[in-house]
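A.B. asks: Compute the structure for the input listed below.
(one chain, ligands or ions: 3)
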Amino acid sequence: MSGIEQIRPIVWTIAGSDSGGGAGIQADLLTMHDLGVHGCSAITANTAQNTLGVPAINVVADGVLQSQLDALSADLKPSAIKIGLLANVAQVRLVANFLRELESRGEAVPVVYDPVAVATSGAQLTEDSTGAAVMNELLPLCDLITPNSIELAWLAGGVADCAESILAAARKIRDGYKSALLVTGGHGEIEPGTTADLLCTGSGERIREHWLIGKKIETRDTHGTGCTLSSAIAALLALGYPLKDACVVANAYVRRGLRLGNTGHIGTGAGPVGHCGWPTELRDYPEVLIAGSERARSYGIFDISAAASFAAEFAQPDTTRLGLYPVVDTVEWIEKLAEEGVRTLQLRIKHARDDLREQIERAVAIGRRYDLRLFINDHWQLAIECGAYGVHLGQEDLHTADLKAIQAAGLKLGISTHGFFELLYAWQYRPSYLAIGAIYATTTKDMSGQLQGPQKLALMAALLPDYPLVAIGGINLQRAPDVTASGVGSIAVVTAITDAPDYRQAVAQLRAVIE
Ligand SMILES: Cc1ncc(COP(=O)(O)OP(=O)(O)O)c(N)n1
Ligand SMILES: Cc1nc(C(=O)O)sc1CCOP(=O)(O)O
Ligand SMILES: [Mg+2]
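C.D. replies: Ligands and ions are numbered 1, 2, ... in the order given. Coordinates of the predicted model:
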């Protein structure tokens, strides 16, 4: 399975050329091609470079840079822009002006800026004075910046050499600018044998900080990792991936390139990172650190109240293929569907009445009678008290529910996810199943902005081939074959059953496709 789409969106890279073919424009175009977008380039400097170092940075004249941007904008409208090396203040201003013009014409697109100040080889690539211009003129126009810890310190001032100082420097930048940050950690180890990138979104009270952790990959061939990461993110944004999803998939793309690149024969120094196609294996994806986990202590985000209710490794269901999984809002539906032979069911009561406990008790009793895998949505305390088979929780619920209590009571736990980031986040809890949605538009609930489609579903399902996975959202009999082809062992539906003219027939037909 590849991540390549049918139509190739256009992505620009405004960056330096690396004569050695390992970083800069060359790495960007390889990455963009690999991920299924068409890359265009505007060159800021012709660096004389090989795997050993950077003997010269031949900055192009302002007019040369401007003419490339003008030619592109006349014909090749971008869906996203990646900015890399800007060699001096004039270039920063020129690019900032250009982005402002795009904005004023209503043509703004996501902008990812990799502040290339220092090459992996240690070479200084940009004039010192550009830092202030970047902060004042460019950052306000960027959606994401991807500094390494050295570049972070260069932008924020001070040092950024441990978890706490990286967090502090990132917060300083976040407080002043709308741009999100992905601080890459390939240069240092907070925990021995690991690398950790810090992803910061939101600001002030609503700042969200996530460490993305991976096992360190022992290789000398790391040249171009920063360029590859930022251009992969731009490519994924152009393909419609939300920012956090783009960041974790791009992280995996780079890690796959480091693992499989095998470029040691290229040059005598640090060879280029590989460009090895869509990351299909979970081992290349980062672990998303949970603030309630013990490990979070080393990374400066440990939250004692989250730790009080955090738990991982929930009881597994008797099968990884949960089959047809109707989600219904009354006990009567539970009974009718159990009579039709459905084994996995969810009671999802959104408008609780005074008799909520009684309803859950009745549903649990029916569950016992028919040997159902009956999940209770949201109401985890009552589910525990009534001895339900399991609980289904959304991502937000993970911060409020007492997961320790759910686990101690032996209940199964299903967790909702919407995209790659949430899938990796929920995976840290090792729940009984992971639900992926919304696959298609649905009238049951507002899922706009969170639609996955069957192709992305298949890419996510491929990461966890032997795990209980459930697809949900807008699935009906016509769509069910495309959904099952993704490899998930279960399909959850509401209206395909509750609004069907003949629910018995709907159950039989859906089961025939799914089970
Ligand atoms: C199987 C399954 N998947 C996803 C959901 C959605 O759960 P959640 O995100 O908690 O949203 P609400 O259902 O509470 O609106 C689900 N219920 N079941
Ligand atoms: C309850 C729910 N959760 C979703 C998610 O993506 O988390 S989609 C959804 C609605 C599913 O209803 P229908 O089968 O009628 O489309
Ligand atoms: Mg819920």
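A.B. asks: Residue 17 against residue 43, yeah?
C.D. replies: Yes - with contact defined as C-beta atoms under 8 Å, residue 17 counts as touching residue 43 (5.1 Å). Any C-beta I mention is one placed from the backbone N, CA and C, and that applies to glycine too.
A.B. asks: what do the two both touch?
C.D. replies: residue 25 (C-beta atoms under 8 Å, 6 or more residues apart in numbering).
A.B. asks: Now do the contacts for residue 43.
C.D. replies: Going by C-beta under 8 Å, 6+ apart, the list of residues near residue 43 reads 15-17, 25, 60, 64-65, 68.
A.B. asks: Neighbouring strands of the helix or strand hosting it in the sheet, and parallel or not?
C.D. replies: Per DSSP states H and E, residue 43 falls inside strand 38-48. If you go by DSSP bridges, strand 38-48 pairs up with strand 10-18 (parallel), strand 56-59 (antiparallel).
A.B. asks: what angle sits between whichever strand or helix holds residue 226 and strand 10-18?
C.D. replies: For residue 226, the element it lies in under DSSP H and E is helix 225-238. Between helix 225-238 and strand 10-18, the angle comes out at 170 degrees (axes from the mean of the first three to the mean of the last three C-alpha atoms, to 10 degrees).
A.B. asks: Around the residue of the stretch 151-300 of the chain found nearest ligand 1, count how many other residues there are.
C.D. replies: Per C-beta to the nearest ligand atom, residue 242 is where the stretch 151-300 of the chain lies closest to ligand 1, at 16.0 Å. As a burial measure, residue 242 scores 16 neighbours (other C-beta atoms under 10 Å).
A.B. asks: what about the closest residue to it other than its chain neighbours, neighbour count?
C.D. replies: Distance criterion C-beta to C-beta, 6 or more residues apart in numbering; nearest residue to residue 242, sequence neighbours excluded, is residue 419 at 5.9 Å. Using other C-beta under 10 Å, residue 419 has 22 other residues around it.
A.B. asks: Contacts only, for residue 419.
C.D. replies: Counted by C-beta under 8 Å, 6+ apart, residue 419 has contacts 241-242, 244-245, 450, 452, 456, 460.
A.B. asks: how about the residues of the protein near ligand 3?
C.D. replies: 377-378, 394 (C-beta under 5 Å from the ion).
A.B. asks: Can you give me the pLDDT of the closest residue to residue 427 other than its chain neighbours?
C.D. replies: Once flanking residues are discounted, residue 427 sits nearest to residue 434: 6.9 Å by C-beta to C-beta, 6+ apart. Note for residue 434: predicted pLDDT of 98.
A.B. asks: Make sure residue 434 is indeed in a strand.
C.D. replies: Yes - residue state for residue 434 (DSSP: H, G, I helix; E, B strand; the rest coil) corresponds to a strand.
A.B. asks: you'd agree it is up against residue 472?
C.D. replies: No - using C-beta under 8 Å, residue 434 is not in contact with residue 472; the gap is 10.8 Å.
A.B. asks: one step back: quick one: residues contacting the residue nearest to residue 427.
C.D. replies: Here residue 434 is in contact with 414-415, 417, 423, 426-427, 464, 467-470 (C-beta under 8 Å, 6+ apart).
A.B. asks: And the helices in the stretch 201-350 of the chain, which stretches?
C.D. replies: With helices called from DSSP state H, counting those that start in this stretch, the stretch 201-350 of the chain shows them at 225-238, 243-260, 304-309, 331-339.
A.B. asks: which secondary structure elements does the second one contact?
C.D. replies: In terms of contacts (3 or more C-beta pairs under 8 Å, 6 or more residues apart in numbering; DSSP states H and E), helix 243-260 is packed against strand 194-201, strand 208-215, helix 225-238, helix 420-427.
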